[in-house]
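> kindly return the folded structure for what I paste below:
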Amino acid sequence: MEVVAGIDGGGTKTLVALCTPEGRVLGLGRGGPSNVDDVGIATATQSIGAALDAACTEAKVGLEVLSSTFFGMAGVVSEEDRAIVQGIAQNLGLSGQSGIDHDCRIALAGALSGRPGIVLIAGTGSSCFGRNQQGEVWRSGGWGYLVSDEGSSYWLGREALVRVVRAVDGRDPPTALQPRLLEVLRVNHTDRLLHRLYVEGLSRSELAALAPQVIAAADEGDTAASQLLNQGGRLLVECVAAVAQQLELSDSELAVVGGLTKAGAAFWQPFKTALSEQLPQIRLTEAELPPVLGAVVCALEAQQKLNTTNLHALKNAAVEHAERL
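Just a heads-up that it's a prediction; the model follows:
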């Protein structure tokens with residue numbers, strides 16, 4: 001049996017899909033975060049290995065049947081990054097052909113089923129990636145949480161904490177974010193925030209986990225939360241505009257993927273408003289395949305086996321396994 005594998009490694013979780021060359025899903029697996037920049041090589045290896053093991057167990061196959069594997073990994077932007085992931089693949093016993101690129105690549109391949117266009121990732125982090133008819137590519141954002149990730153769940157969580165301390169100081173009006181965030185952080189008084197932030201510490205994932213509280217507060221009419229979502233929407237559209245300009249794709253398809261896409265109107269409305277103002281000709285379209293199946297698309301492309309038949313099968317699989325993907 002010949003099997004291809006798609007791996008989607010992010011800042012919160014890792015997904016693996018094992019498929020036949022005909023596009024039939026044999027097994028799916030989930031592991032922890034595998035962005036090496038966030039969690040290091042050892043934890044990334046463990047997360048990918050756990051997801052692979054789970055997928056292989058479900059598919060009832062071993063790693064030796066994998067003929068092509070494609071890694072779409074958050075944080076992979078340089079040849080050094082690719083070498084690290086290649087080392088992880090070897091340590092896990094993946095002997096077949098391995099392709100490695102950033103998570104934007106598989107997000108675009110999945111969202112538009114290999115067609116040219118633009119994809120925006122709005123999850124734990126944020127980034128935008130596009131490819132035009134000539135095969136030229138451009139990425140905007142994706143520079144990590146210290147200097148980038150605007151509009152992401154991490155950014156919303158961090159900025160929400162900024163609004164809370166400003167409100168506590170009296171620099172801003174009171175906000176419903178304060179009790180919501182303190183409860184999630186298990187802090188019984190704002191004076192304990194310093195200890196929670198700088199002694200116990202907050203990981204990137206923990207900050208990103210505060211984003212649902214921002215959305216809930218905005219739904220309830222909180223001004224500070226609504227302002228954050230409006231600002232986040234504009235910043236995300238800035239990334240899209242940069243890609244569209246560089247690749248002359250101002251009238252292309254745009255798909256948005258990532259955890260924030262499930263946030264409802266509180267997220268979508270500010271984003272759509274900013275998009276229509278800055279890029280009125282962009283065609284916002286629903287992603288056809290999730291990123292992990294986009295990685296399968298890339299694995300099939302590497303073997304020159306991608307065709308309309310297996311794309312159709314993958315789309316059916318995406319619907320069948322939607323809750324797990």
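> list the residues that contact the nearest residue to residue 202 once chain neighbours are set aside.
Counting by C-beta to C-beta, 6 or more residues apart in numbering, the nearest residue to residue 202 once its immediate chain neighbours are dropped is residue 196, at 7.2 Å. In short, each C-beta sits where N, CA and C put it, glycine included. By C-beta atoms under 8 Å, 6 or more residues apart in numbering, residue 196 lies in contact with 185, 186, 187, 202.
> tell me the buried residues in the host helix or strand of residue 195?
Secondary structure from DSSP states H and E places residue 195 in helix 193-195. Residues of helix 193-195 classed as buried: residue 193 (neighbour count, 16 or more other C-beta atoms under 10 Å).
> buried set for stretch 222-239?
222, 224-239.
> and the nearest residue to residue 250 once chain neighbours are set aside, helix, strand or coil?
Distances taken as C-beta to C-beta, 6+ apart put residue 244 closest to residue 250, at 4.7 Å, once the chain neighbours are dropped. Here residue 244 is helix, with the state taken from DSSP: H, G, I helix; E, B strand; the rest coil.
> who's in contact with residue 244?
Counting by C-beta under 8 Å, 6+ apart, residue 244 makes contact with 118, 130, 250, 252, 279, 282.
> what about the residues you listed, which are in helices?
Within the contacts of residue 244, no residue falls in helices by DSSP state H.
> out of these, which end up buried?
The neighbour count (16+ other C-beta under 10 Å) marks 118, 130, 250, 252, 279, 282 as buried among the contacts of residue 244.
> from those residues, which two are the most distant?
130 and 279 (12.0 Å; C-beta to C-beta).
> across the sheet, point out what pairs with residue 97.
Assessed by DSSP bridges, residue 97 has beta-bridge partners residue 68.
> correct me, but it touches residue 89?
No: when contacts are counted by C-beta atoms under 8 Å, residue 97 is not listed as touching residue 89 (10.3 Å).
> who has more neighbours out of those two?
Between residue 97 and residue 89, residue 89 has the larger neighbour count (other C-beta atoms under 10 Å), namely 19 against 14.
> quick one: mean pLDDT for the helix or strand hosting the more buried one?
Element membership for residue 89 (DSSP H and E) is helix 79-91. Average pLDDT, helix 79-91: 96.
> can you give the distance of it from its chain's centre?
Distance of helix 79-91 from its chain centroid, counting by C-alpha atoms, centre = their mean, to the nearest Å, is 20 Å.
> ok, stretch 18-34 next?
Computed by C-alpha atoms, centre = their mean, the chain-centroid distance of stretch 18-34 equals 17 Å.
> from start to finish, how long is that stretch in a straight line?
End-to-end distance of stretch 18-34: 18 Å, with C-alpha to C-alpha, to the nearest Å as the criterion.
> ok, now stretch 200-207?
Rule used - C-alpha to C-alpha; the end-to-end distance of stretch 200-207 is 13 Å.
> how about that stretch: buried residues?
Of the residues in stretch 200-207, 202, 204, 205, 207 count as buried by neighbour count, 16+ other C-beta under 10 Å.
> hang on, the earlier thing: check the offset of the helix holding residue 195 from the chain's centre.
On C-alpha atoms, centre = their mean, the centre of helix 193-195 falls 29 Å from the chain's centre.
> repeat that for stretch 136-153.
For stretch 136-153, the distance to the chain centre is 11 Å (C-alpha atoms, centre = their mean).
> can you give the contact residues for that stretch?
37, 75, 77, 102, 104, 121-131, 154-155, 158, 204, 207-211, 231-233, 235-236, 238-240, 242-243, 246-247, 258-260.
> those in helices, which ones?
When DSSP H defines the helices, the subset of these inside them is 37, 104, 154-155, 158, 204, 207-208, 211, 231-233, 235-236, 238-240, 242-243, 246-247.
> for residue 241, give its distance to residue 172.
As defined by C-beta to C-beta, to the nearest Å, residue 241 lies at a distance of 29 Å from residue 172.
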